[in-house]
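Asks: Show me how the following folds:
(one chain, ligands or ions: 1)
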Amino acid sequence: MATNQAISNALARLGIGAVGSVYIGVWDGYAVTVRHGAPYYYLDFAVRLDPRDRSIAKSIRAELKAGQPKTILGCVNRGDHLKCTITLEKKTPYADQFSAALDAIAQALRSRDVLPAQTCAVCGREHPDSLCLIDGYQPVHAACVQAVTETTKHAAEADERKESYLTGFIGAVIGAFIGLEPCLLSILLFDRIYTVLFALVPLCAMWGYRRFRGKRSGASIVIIILLSLAGVVLLEFLAVAISFKQELGLTLVPAMRYTLNYLFTRVGVGVMLQESLTELLVMAIGIFVAWAFLAQNNHNPVSQANAVRHSLHPIYGGKDDPEWLEK
Ligand SMILES: [Zn+2]
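Replies: Alright, predicted model coming up:
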């Protein structure tokens, strides 16, 4: 399979540069976005089509598949862009394959009078003055993008001011308790721990944290890990107390007191660590899932707005002016 570096180099030779995980550039006057979704590549041409019209994409697909290049697999009309799926083969240089595909698509569009998009992707009015990576690489008015990103930033900042560690922590404690419920019930009703239920503790803590507007930052996962560990200790304590209750014929409260004394001995701590190893492992899986979710949702909308602003560039004449992309 083609490495990212090889693809990046091939596209750079064509004046199509990387911005984040996509590549953008101008081809024969069309603003083009290239995305990679293994094993395919998607070439998006910014146009203005009636999204209900299927005939154009269909006829272009038929034309491209019949002729050169063989790498083109399909075309879909998405209204503000024509999306073509291509695949690359190893034998021919990637740059040649991309350029053949881009040429074929641009020609097919021009022969049907589907010209490069002439209206702003934000306001829909004519005479766009810039190009911007906003839902694909598209013509826009610089002022429109600035207005939209400013609004997003203000809204995000207002949202962020409402977030706090304190409310998040309270939410996470409540969530962790909810997550502990099934484990507690299984201990109280069946006198045993179902290890798999432990994964619920960090997941519910994470849910509570977000629900109570916990601040979005790396510290959120630390709070969730600490609460989950506290949950394991609490449950293990209860499980040991119940086993003492049965073995020694005590009622629950004296059994808990007995457990507390027992756990403060070195043997007790060792036994507890050993017993809770599987629970900790299962919980780690839950923590990992919670972490992945938080990492995805902790995205700061302000930095996303900044990324959109960063890709904003005045419309230029030629297709080979990618210098700004290297910045
Ligand atoms: Zn506009």
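
Asks: does C132 sit in a helix or strand, and which one?
Replies: Using DSSP states H and E, C132 maps to strand 130-133.

Asks: Whichever helix or strand comes after that strand pairs with which strands, and in what direction?
Replies: Downstream of strand 130-133, the next assigned helix or strand under DSSP H and E is strand 137-140. With DSSP bridges as the test, strand 137-140 is paired with strand 130-133 (antiparallel).

Asks: For the partner strand, the averaged confidence score.
Replies: Regarding strand 130-133, the rounded mean pLDDT is 92.

Asks: which other residues reach it?
Replies: Residues outside strand 130-133 that contact it (CB atoms under 8 Å, 6 or more residues apart in numbering): 19, 22, 24, 26, 31, 33, 121, 137-142, 145, 307-308, 311-315. (Glycine included, C-beta is placed from N, CA and C.)

Asks: So which residues on the stretch 51-200 of the chain come close to the ion?
Replies: C120, V122, C123, H141, C144 (CB under 5 Å from the ion).

Asks: C-alpha coordinates for stretch 55-63, PDB please?
Replies: Output of stretch 55-63 as PDB, limited to C-alpha atoms (Å, rounded to 0.1, in the frame of the first residue of the first chain):
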ATOM      1  CA  SER A  55     -27.800  12.000 -14.300                       C
ATOM      2  CA  ILE A  56     -24.600  14.100 -14.400                       C
ATOM      3  CA  ALA A  57     -22.700  11.900 -11.900                       C
ATOM      4  CA  LYS A  58     -24.000   8.800 -13.600                       C
ATOM      5  CA  SER A  59     -22.900   9.900 -17.100                       C
ATOM      6  CA  ILE A  60     -19.500  11.100 -15.900                       C
ATOM      7  CA  ARG A  61     -19.000   7.800 -14.100                       C
ATOM      8  CA  ALA A  62     -19.900   5.900 -17.200                       C
ATOM      9  CA  GLU A  63     -17.600   8.000 -19.300                       C
END
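
Asks: which ones are touching Q304?
Replies: Q304 is in contact with T152, counting by CB under 8 Å, 6+ apart.

Asks: 10 Å instead?
Replies: T149, T152, K153, A156 (CB atoms under 10 Å, 6 or more residues apart in numbering).

Asks: For the ion, see how far away it is.
Replies: 19 Å (CB to the ion, to the nearest Å).

Asks: Then S59?
Replies: Taking CB to the ion, one finds S59 at 31 Å from the ion.

Asks: try I225
Replies: 46 Å.

Asks: do L131 as well
Replies: 12 Å.

Asks: And for E160?
Replies: Relative to the ion, and taking CB to the ion, E160 is found at 28 Å.

Asks: Same question for L188.
Replies: 63 Å.

Asks: what pLDDT does that residue get?
Replies: pLDDT at L188 comes out at 78.

Asks: Would you confirm that it contacts L180?
Replies: No. Using CB atoms under 10 Å, L188 is not in contact with L180; the gap is 11.6 Å.
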